[in-house]
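1. structure for this input, please:
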Amino acid sequence: MPRAHSFREIGKRVLRVLLAGGALCLAACTATGEKAGGVSAGPGRTGTGIAKNDVEAADWYRQAAEDGVPGAMVDYANMILYGRGVEGNAEVAAAWLRKAVDRGSARAMAVLAVLYLEGRGVSEDKPEGVRLTRLAAEKGDPLGMRNLGALHEHGLTVAGKVLQARDGAEAVRLYRRVAEMGDSTAQGFLASMLLRGDGGVKDDAEGLVWLRKSADQGYGPAQSHLGLLHEKGEIVPRSSEEAARWYRRSAENGYARGQVRWALALAAGRGIGKNDEEAVRWLRLATGQNDAWGQTELASMIMDGRGAACDLAEADALAEKAARQAYGEAKLLLGRLRDPRHPVSCPAS
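-> Numbers count the residues shown, from 1 in each chain. All right, here's what the predicted structure looks like:
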């Protein structure tokens, strides 16, 4: 039951953004294993001379944060938010971000804004989230500008009160500023708006340029979208092989919809050798992210005994999870599974 999803579906969840730190070289390099020059010195190294170690990185961030360095407070907060090298605790992370905000850190404002918008580690306060986002953007923080662009693109209304009116032209302007800084997510967002003509300007040529830049940097949603364009032959030449290549890259980068598209290519043998077992494996990865499309496709394959043993109970459970996310195809499948007039059984072996 393939469905053509635009990669901007991720953007519809305005509050789901990438939180990024990386202000102090010692801690950041320890966490990522990066350093200018050098070669791998043995196991656990990345080819840059410094072993990757989240625990050590978190400890250095903590020490610098306790010394009053705002950038370290943000980086340490991010480690705590994601439980990298330290126990995850959103409330503690928010406390460190507040300290950094008090010291004027624009990045801390941008990250703390997301927590207020989501109600994560703090009481939900969308007006405060919007205020901090605007403030971070005014100070030139890329994350703040990108998130403000998302607010302008989609608008935000709470209890009938408009916290941010939709303004496509302003969203394009903000995305462009951050995209020109090399931010792959902003490049993808900008590409989507230009390809759709949102913001008053439709420019397929420029949109494709930004989409390729984003995809080449490894942004999974952009890679999936580029694959879809190749599959349909829109703007770019139709090519099942090229579509499959981009779907695979998107899937490997952890984008759930890319994983579903790659799985469907494998199941159908489009642009790649047919492999039902591998298709099921990728669909399970997508369902691990609670993706309704992936859950529905996996349920269908399990019902048919393709790539996995037929298990109607598992298929029913998957379809119900997807249906509860208001996914229409799943509701149809669930109805058929439970309709006494149309008994369903596993295929004869």
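2. now do Pro237 against Glu153, distance only.
-> 30 Å (Cβ to Cβ, to the nearest Å). In this view, the C-beta of every residue, glycine as well, is placed from N, C-alpha and C.
3. cool, Arg338 as well?
-> In terms of Cβ to Cβ, Arg338 sits 39 Å off from Glu153.
4. and these two? Which one has more around it.
-> Glu153 (25 against 12; other Cβ atoms under 10 Å).
5. against which helices or strands is the helix or strand where Leu163 lies packed?
-> Counting by DSSP states H and E, the element that carries Leu163 is strand 161-164. Judged by 3 or more Cβ pairs under 8 Å, 6 or more residues apart in numbering; DSSP states H and E, the packing partners of strand 161-164 are helix 126-138, strand 156-158.
6. worst average pLDDT in these?
-> Comparing mean pLDDT across the helices and strands packed on strand 161-164, the lowest value falls on strand 156-158: a mean of 94.
7. need the pLDDT of Gly11.
-> pLDDT, Gly11: 39.
8. typo on my end, it should be Arg270
-> Reported pLDDT for Arg270: 97.
9. ok, it touching Ala244?
-> Yes - using Cβ atoms under 8 Å, Arg270 is in contact with Ala244, at 6.4 Å.
10. before we move on, the earlier item: can I get the helices and strands packed on strand 161-164 in a markdown table with mean neighbour count?
-> Output for the helices and strands packed on strand 161-164, formatted as a markdown table (neighbours: other Cβ atoms under 10 Å):
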| stretch | mean neighbour count |
| --- | --- |
| helix 126-138 | 20 |
| strand 156-158 | 15 |
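11. how about low-confidence regions in the protein?
-> Counting by pLDDT under 70, the chain contains low-confidence residues at 1-50, 349.
12. now do 80
-> 1-52, 349 (pLDDT under 80).
13. quick one: the helices in the stretch 101-250 of the chain, in order.
-> For the stretch 101-250 of the chain, applying DSSP state H, counting those that start in this stretch gives helices covering 106-118, 126-138, 142-154, 168-179, 184-196, 204-216, 220-232, 240-252.
14. and the second one, what does it pack against?
-> When contacts are defined as 3+ Cβ pairs under 8 Å, 6+ apart, helix 126-138 packs onto helix 106-118, helix 142-154, strand 156-158, strand 161-164.
15. before we move on, what about the fifth one?
-> Packed against helix 184-196 by the contact rule (3+ Cβ pairs under 8 Å, 6+ apart) you find helix 142-154, helix 168-179, helix 204-216, helix 220-232.
16. adding distance to Asp67, write those helices out as TSV.
-> Formatted as TSV, the helices and strands packed on helix 184-196 follow (distance: least, Cβ to Cβ, whole Å):
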stretch	distance to Asp67
helix 142-154	24
helix 168-179	30
helix 204-216	37
helix 220-232	37
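17. quick one: closest of the helices and strands packed on helix 126-138 to Tyr82.
-> helix 106-118 (11.7 Å; Cβ to Cβ).
18. in terms of secondary structure, what does that closest one contact?
-> Looks like helix 106-118 contacts helix 70-82, helix 90-102, helix 126-138, helix 142-154 (3+ Cβ pairs under 8 Å, 6+ apart).
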